[in-house]
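Enquirer: Below is the sequence, then the predicted model.
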Amino acid sequence: MSPTSPLNAEIARIRSTEIALHGPYNPAGKPDNPLRVVFLSSYGHAYSLLATGPMALYDLINRRPDVPALAERALAYDCLLADANRLHTPGGEPYRSIENPAPVAGADIVGVSVTNAGDLHCVLRLLDLAGIPRHSADRAAGVHPLIVGGSAGLANPEPMADYLDIVALGEAEHSLLELIRLLHANPALTPTAALEQAARIPGLYVPSLYEHDLLPGGGTAAIRPRTPTVPATVHPQYLTPHDLGPAHFTSPISDGSCAVVIANLGCRHSCHMCTLGTPPFRNAPIDQLTAYVDTLERHGIRKIVISSPTFTQYRHRHELLDHISAYADRAPEPVSVIIGSLRADEVTARYLDAVARLDPGHLFTELSLDAPRGVITIAPEFAAPDLVRIFGKTMDAYRVDRALDLCRTTTHFGTVMLYFMLGAPGESDQDRLAIADYAHRVYQRLGRKDGAVIVKVQQFMPQPGTVSQRLPMADPDLVDGWVNDIRERLHTLAGPAHDRFRVLWGEHSRLLLEALCDRGDRRVGHVLEALHDAGTDFAHLTKAQLEQALAAHGLTFSSYLAARDTDLLPWQTVNTVHPEAEQALAAALRNRVPVPA
């Protein structure tokens, strides 16, 4: 392979820009014959550095001298050539990692991280690119790597059960290292024996060791471990900040343009449709974060992404913001902070003032408005107060008004982003139209002619691992009409000020995929594979295309939208939700009396 090939030239450019923010790695201190672990990313270089989960594991493996492995990264390089759903390297040269010219297919372990269930099909694309057989049953020990998946997109791992050898649940800093030590210490293990021993590591789910009886049309009738030594249930692992290590909270590598800080994990609230409250709430050590900001200053990195969606709950938020502000005061050029979310029910005047000093942006978008750049997030999710209460939300009218009054006193925060869900069980037409009234009231309360209100609409999605996971889901085809009704009502209410409002929606194809993959059984992966091989454009997938692919496998889309009141969940083996909480939520929704239209 020529050192001047497009792939090698791009990798050389990547390596020339990278800054190891936690210090250099020292592979010389590793045990003999370290395993080769490659993390695949479906993103380009810049965005891959923001993927804190795999980057934290990459850093941990390479930084710990006692871990018998070396980690690498292989990306969706800019030079790759697309052919329908497949990617190819220029000239057919082997797909390689940033760190190693050897083919990725020769690794011992390959890790794939899926953030969103709607992107599960990307696993097939990455395996094809690497030249690794898609199906676990087609991979041979000593020839092909072990494929390990993880992250939130695999909360329901069953659609990928025939493609992934292992799924790491929760935080993998312990479980993945234990797997590495197991394979390194026992190179002669047969594949079956290796997987059976891996299944006994807390947090590792091995799909092939469970037999599923599947229902006609969709769903799971029974689940059985194939041997007595396989655990009946597998629970995600959540670790202390000390066990997670610095790279879990601060990106270990930057290209010089920005760096990521995760100040806290989890959420102090437990809303019934949200996964943020599933992990225990933990604060990052403030001394780690302030030292990291000092490192960014030394390297002249002036954009800091605080991606914690619950940053307002971080115990040391003022100290961290003050430390960044001091850096900004010393810097010869502006330092900006992009904050994932400013939760209106948790903001204070002091907090808004601290953030305003740092020219804050918003992770969702850099908005092209003539309003001030600061964005405050209000996520009531529902306009009907009783739905807010039933789903455990804390965003009542008093807290919203208090936050808006605070915004009115500052010149920086003039844009409010409202998050709403459509399609919850029992929701009425009037409940949905009330979203327009809510947005209009927010604009009036904000009291600024240069203000703006953005309504970000999402469909209610019963997420695996949440109290709402058994509830029915509305057909995504209905949402387009509901959104248009909200837009029309808001236009009427706003009158001449209608240009100060936006209703954002346009995720129909992704919703189809998420609905299917979040609630799907083991046959769903084969449906995705058929669509992949047919060259289907997943970004513009139609319901007709999806239903045709499902029908070819004896499945119906409606079966996956239906309630799971008494059914066994396809992901029952990894389920941790208490049935009593599910039953209480379902009863509250059944007993609700909607506001009449």
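Expert: The structure has been received and is ready for your questions.
Enquirer: Find the helix or strand that residue 592 is a member of.
Expert: For residue 592, there is no host helix or strand (DSSP states H and E).
Enquirer: Give me the neighbour count for it.
Expert: Residues contacting residue 592 under the criterion other C-beta atoms under 10 Å number 18. In this view, the C-beta of every residue, glycine as well, is placed from N, C-alpha and C.
Enquirer: again with residue 522
Expert: Residue 522 has 18 neighbours, counted by other C-beta under 10 Å.
Enquirer: Sticking with it, tell me its helix or strand.
Expert: Using DSSP H and E, no helix or strand contains residue 522.
Enquirer: going forward, begin numbering at 605 instead of 1
Expert: Let's use 605 as the start, then, which means that last one is residue 1126.
Enquirer: any low-confidence regions in the stretch 805-954 of the chain?
Expert: 944-948 (pLDDT under 70).
Enquirer: my bad, should have said the chain
Expert: The low-confidence ranges in the chain, as defined by pLDDT under 70, are 605-606, 944-948, 963-978, 1015-1016, 1197-1201.
Enquirer: Give the helix, strand or coil label for the residue minimising distance to the centre of it.
Expert: In the chain, the centroid-proximal residue (C-alpha atoms, centre = their mean) is residue 719; its distance is 3.4 Å. Secondary structure for residue 719, judged by DSSP: H, G, I helix; E, B strand; the rest coil, is coil.
Enquirer: Just read off the phi/psi values of the nearest residue to residue 1168 once chain neighbours are set aside.
Expert: In space, residue 1168 comes closest to residue 1074 once its chain neighbours are excluded; the distance is 4.2 Å by C-beta to C-beta, 6 or more residues apart in numbering. Per-residue torsions, residue 1074: phi -90, psi -10 (degrees, to the nearest 10).
Enquirer: Mind naming the longest strand for the chain?
Expert: Ranked by residue count, the top strand of the chain under DSSP state E comes out as strand 1017-1026.
Enquirer: From the contact counts, what lies against whichever helix or strand comes after that one?
Expert: With elements assigned by DSSP H and E, the helix or strand that comes after strand 1017-1026 is helix 1033-1050. Counting contacts by 3 or more C-beta pairs under 8 Å, 6 or more residues apart in numbering; DSSP states H and E, helix 1033-1050 is packed against helix 1001-1012, strand 1017-1026, strand 1056-1063, helix 1083-1098, strand 1105-1108.
Enquirer: Measure how helix 1033-1050 sits relative to helix 1083-1098, angle-wise.
Expert: If you take axes from the mean of the first three to the mean of the last three C-alpha atoms, to 10 degrees, helix 1033-1050 sits at 40 degrees to helix 1083-1098.
Enquirer: Tell me the strands beside the longest strand of the chain, with direction?
Expert: Strand 1017-1026 has its sheet partners listed here by DSSP bridges as strand 978-985 (parallel), strand 1056-1063 (parallel).
Enquirer: And the last one, what's buried?
Expert: Neighbour counts using 16 or more other C-beta atoms under 10 Å place 1056, 1057, 1058, 1059, 1060, 1061, 1062, 1063 of strand 1056-1063 among the buried residues.
Enquirer: Please state the offset of the longest strand of the chain from the chain centre?
Expert: 20 Å (C-alpha atoms, centre = their mean, to the nearest Å).
Enquirer: and the nearest residue to residue 1178 once chain neighbours are set aside, what element?
Expert: With C-beta to C-beta, 6+ apart as the criterion, residue 1178 has its nearest non-adjacent residue at 5.3 Å, and that residue is residue 838. Counting by DSSP H and E, no helix or strand carries residue 838.
Enquirer: could you list every residue that touches residue 838?
Expert: By C-beta atoms under 8 Å, 6 or more residues apart in numbering, the residues touching residue 838 are 773, 803, 807, 808, 809, 1177, 1178.
Enquirer: Give me the distance between it and residue 764.
Expert: 15 Å (C-beta to C-beta, to the nearest Å).
Enquirer: Tell me how many other residues crowd the residue nearest to residue 1168.
Expert: By other C-beta under 10 Å, the residues close to residue 1074 number 20.
Enquirer: correct me, but residue 624 touches residue 857?
Expert: Yes - in terms of C-beta atoms under 8 Å, residue 624 counts as a neighbour of residue 857; the distance is 5.9 Å.
Enquirer: The two: which is more packed in?
Expert: It is residue 857, of residue 624 and residue 857, that has more neighbours when counted by other C-beta under 10 Å, with 20 against 13.
Enquirer: Please list all residues in contact with that one.
Expert: Residues in contact with residue 857 (C-beta under 8 Å, 6+ apart) are 622, 623, 624, 625, 653, 659, 663.
Enquirer: Then residue 793?
Expert: Counting by C-beta under 8 Å, 6+ apart, residue 793 has contacts 787, 801.
Enquirer: hmm, 7 Å instead?
Expert: Going by C-beta atoms under 7 Å, 6 or more residues apart in numbering, residue 793 touches no other residue.
Enquirer: how much space between it and residue 1072?
Expert: 41 Å.
Enquirer: What residues of stretch 712-730 count as buried?
Expert: For stretch 712-730, a neighbour-count test (16+ other C-beta under 10 Å) marks 712-718, 721-730 as buried.
Enquirer: Mind checking which of those residues land in strands?
Expert: Short answer: those in strands (DSSP E) are 713, 714, 715, 716, 717.
Enquirer: will you turn those residues into JSON lines that also has distance to residue 827?
Expert: Shown next, in JSON lines, are those (distance: C-beta to C-beta, whole Å):
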{"residue": "713", "distance to residue 827": "26"}
{"residue": "714", "distance to residue 827": "27"}
{"residue": "715", "distance to residue 827": "26"}
{"residue": "716", "distance to residue 827": "24"}
{"residue": "717", "distance to residue 827": "25"}
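Enquirer: List just the nearest of those residues to residue 694.
Expert: Ranked by distance to residue 694 (C-beta to C-beta), those are led by residue 714 at 21.9 Å.
Enquirer: my guess is that closest one meets residue 754, correct?
Expert: No - assessed by C-beta atoms under 7 Å, residue 714 is found out of contact with residue 754, at 11.8 Å.
Enquirer: which residues touch stretch 987-996?
Expert: Here stretch 987-996 makes contact (C-beta under 7 Å, 6+ apart) with 874-877, 984-986, 999-1000, 1024, 1028, 1035, 1038-1039, 1041-1042, 1192-1193, 1196, 1199.
Enquirer: ugh, wrong one, I meant stretch 655-664
Expert: For stretch 655-664, contacts defined as C-beta under 7 Å, 6+ apart pick out 626, 643, 645, 647, 653, 675, 677, 715, 717, 754-755, 776-777, 780, 849, 851-852, 855-857, 864, 866.
Enquirer: Report the buried members of those residues.
Expert: Buried among those by 16+ other C-beta under 10 Å: 626, 643, 645, 653, 675, 677, 715, 717, 754-755, 776-777, 780, 849, 851-852, 855-857, 864, 866.
Enquirer: Tell me if residue 892 really is in a helix.
Expert: Yes - judged by three-state DSSP, residue 892 forms part of a helix.
Enquirer: ok, it to residue 928 distance?
Expert: From residue 892 to residue 928 the distance is 14 Å (C-beta to C-beta).
Enquirer: Looking at the two, which is more packed in?
Expert: Higher neighbour count among residue 892 and residue 928: residue 928, with 25 against 15, using other C-beta under 10 Å.
Enquirer: Make sure that one is actually in contact with residue 959.
Expert: No - in this structure, residue 928 is not within contact of residue 959 by C-beta under 7 Å, at 9.9 Å.
Enquirer: still on that earlier bit, closest to residue 1020 out of the buried residues of strand 1056-1063?
Expert: Nearest member of the buried residues of strand 1056-1063 to residue 1020, counting by C-beta to C-beta, is residue 1057, at 5.1 Å.
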